[in-house]
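1. Take this sequence and fold it.
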Amino acid sequence: MSERASEPSLQSVLITGIGELTTNDDELGQLSDAALVLDGERVAWVGPASRAPGADTAVDVAGRAVLPGWVDSHTHLVFAGDRTAEFGARMAGEPYRAGGIAVTVAATRAASDDELAATLRRLVAEAAAQGTTYLETKTGYGLTVADEARAAALAAAEVDEVTFLGAHLVPPGPGEPTADEYVELVCGPMLDAVVPYVRWADVFCETGAFDADQSRAVLTAAAKRGLGLRVHGNQLGPGPGVALAVELGAASVDHCTYLTGADVDALAGSDTVATLLPACDLSTRQPLPDARSLLDARATVALASNCNPGSSYTSSMAFCVATAVLQMRMSVAEAVRAATWGGARALRRETGPGAVGVLRPGARADVHVLDAPSAIHLAYRPGVPLTWAVWRAGTRIR
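-> Numbers count the residues shown, from 1 in each chain. Below is the predicted model of the structure:
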């Protein structure tokens, strides 16, 4: 899903017969009996079907709903192996522990570049077929300088945004560095090795992973190298992740399963997005985040899949949307916005030319057509595959 040069032969496309069009644009709003014109990689025109200009080709979607492509702002797709045994144990009553990451680290280190790339491409294609048109993924299953650099390079060839997550876990076992030694490695040689491939840096600020001081050191070192900041925080219990993310101006803090009133207020008074990962909370049998408190406080909320082999092995953003509506007291409009515009905001890609998560003139031509007359069917018919057509950067991929 990486950006590629425009194809000179890419034709303009008129998408007409739209029964319900979600634009995520405050001026355009939600339109009925609407049309879109895609010209190259950009949206050229949005408005009533009766006023639509001509284009090289036309597609009549026959009253179906159209929305921006999903923006999945939190995934972990560079890995090998699986953790079905761990999942089965959780379903039998065992608690989730962050240390299970080490199982994936061992398998990933042992895998070849071709094996890792094949899994990555398979999952990217799987997500795209379900309407995901903009995708972030992280390193974090190598935890050596060479393996983290390898993961970053492989990811940069396939996805839109790459995040360095060397601070995922202190690698356990004989011969591995101590926690303090590992943080020094992350802040120095490891960051230097991945900088050419990544835009973001992340840290798992959680009991069993990295404490507040260690997390601050990692994020500060990353910021000095010009990387944007993200935080895994407040997943397994209340903790310093949200406060640290807001203090350092991180673009997002992800999980937010356990929030205090002070955390909610801090997020509401900041530009840091609260990215919620409901599929992960279901898989780990954690409580679902209090989305309603965040939204009512006017914090910005995103939804993402957290696709990974240990705690959330799904690429379905539609599943996350349905869960948010059915179990987290979000409206359909709020959940769809969080899974499109919210994800774009978490990646700082929601404004300017080529913006994603929005359908307006100048935005990237990422379009998701549902085989349903309205977006409400995403929650009304949970689990039903509703993706009818997908355009990514102006090219129809489904």
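
2. ok, Gly175 - how many residues close by?
-> Counted with other Cβ atoms under 10 Å, residues neighbouring Gly175 total 5. Heads up, the C-betas are built off the backbone N, CA and C, glycines and all.

3. That one and Gly237, how far apart?
-> 31 Å (Cβ to Cβ, to the nearest Å).

4. what's the answer for Ala62, then?
-> The gap separating Ala62 from Gly237 is 49 Å, by Cβ to Cβ.

5. Near Arg329, how many residues? Count them for me, please.
-> Neighbours of Arg329 (other Cβ under 10 Å): 15.

6. Pull the contacting residues for it.
-> Contacts of Arg329 were listed using Cβ atoms under 8 Å, 6 or more residues apart in numbering, and they are 291-292.

7. Give the helix, strand or coil label for it.
-> Following DSSP: H, G, I helix; E, B strand; the rest coil, the label given to Arg329 is coil.

8. do the same with Ile18
-> Assignment for Ile18 (three-state DSSP): strand.

9. Give the closest residue to it in space, chain neighbours not counted.
-> Excluding the flanking residues, the one nearest Ile18 by Cβ to Cβ, 6 or more residues apart in numbering is Ala34, at 4.3 Å.

10. quick one: contacts for the most centrally placed residue in the chain?
-> The centroid of the chain falls nearest to Ser73 when counting by Cα atoms, centre = their mean (1.8 Å). Each residue near Ser73 by Cβ under 8 Å, 6+ apart is listed here: 136, 161, 252, 275, 302, 304, 342-344, 346-347.

11. quick one: low-confidence parts of this protein?
-> 1-9, 98 (pLDDT under 70).

12. Kindly state the domain boundaries assigned to it.
-> 13-69+357-396, 71-346 (automatic domain parsing).

13. so which of these is the most packed in?
-> Highest mean neighbour count among these (mean count of other Cβ atoms under 10 Å): domain 71-346, with a mean of 21.

14. What's the end-to-end length of that one?
-> Using Cα to Cα, to the nearest Å, one end of domain 71-346 lies 10 Å from the other.

15. can you check stretch 334-343 too?
-> 12 Å.

16. those strands in the stretch 1-150 of the chain, which residues are they?
-> Here the stretch 1-150 of the chain has its strands, by DSSP state E, counting those that start in this stretch, at 13-22, 30-39, 42-48, 57-60, 65-68, 70-72, 132-138.

17. tell me what the helix ranked longest in the chain is packed against?
-> Scanning the chain for the longest helix, with DSSP state H as the assignment, gives helix 113-129. Other helices and strands packing on helix 113-129, by 3 or more Cβ pairs under 8 Å, 6 or more residues apart in numbering; DSSP states H and E, are strand 132-138, helix 145-156, strand 387-392.

18. and Ser283, which of the ones you listed is closest to it?
-> Across the helices and strands packed on helix 113-129, Ser283 has its closest neighbour in strand 132-138 (17.4 Å, Cβ to Cβ).

19. Please name the strands paired to that closest one in the sheet, noting orientation.
-> Using DSSP bridges, the strands paired with strand 132-138 are strand 70-72 (parallel), strand 161-167 (parallel).

20. closest to Arg292 out of these?
-> strand 70-72 (22.0 Å).

21. which residues are in contact with that closest one?
-> Contact with strand 70-72 is made by 127, 130-136, 302, 304-305, 307, 315, 317-318, 339-344, 347, 349, 356-357, 368, as judged by Cβ under 8 Å, 6+ apart.

22. Go again with 7 Å.
-> Outside strand 70-72, the residues within contact range by Cβ atoms under 7 Å, 6 or more residues apart in numbering are 127, 131-136, 304-305, 317, 339-340, 343-344, 356-357, 368.

23. again with stretch 390-398
-> Contacts for stretch 390-398 (Cβ under 7 Å, 6+ apart): 10, 38, 40-42, 69, 128-129, 131, 133, 364-368, 387, 389.

24. and with 8 Å instead?
-> Under the criterion Cβ under 8 Å, 6+ apart, residues 1, 3-4, 7, 10, 13, 38-42, 69, 128-129, 131, 133, 364-369, 387, 389 lie in contact with stretch 390-398.

25. Pull the distance from that stretch to the chain's centre.
-> 19 Å (Cα atoms, centre = their mean, to the nearest Å).

26. swap in stretch 283-293?
-> 17 Å.

27. any idea how far the residue of the chain most remote from its centre is from Thr16?
-> Most distant from the centre of the chain: Ser50, at 35.8 Å, with distances by Cα atoms, centre = their mean. Shown here: Ser50 relative to Thr16, a distance of 10 Å by Cβ to Cβ.
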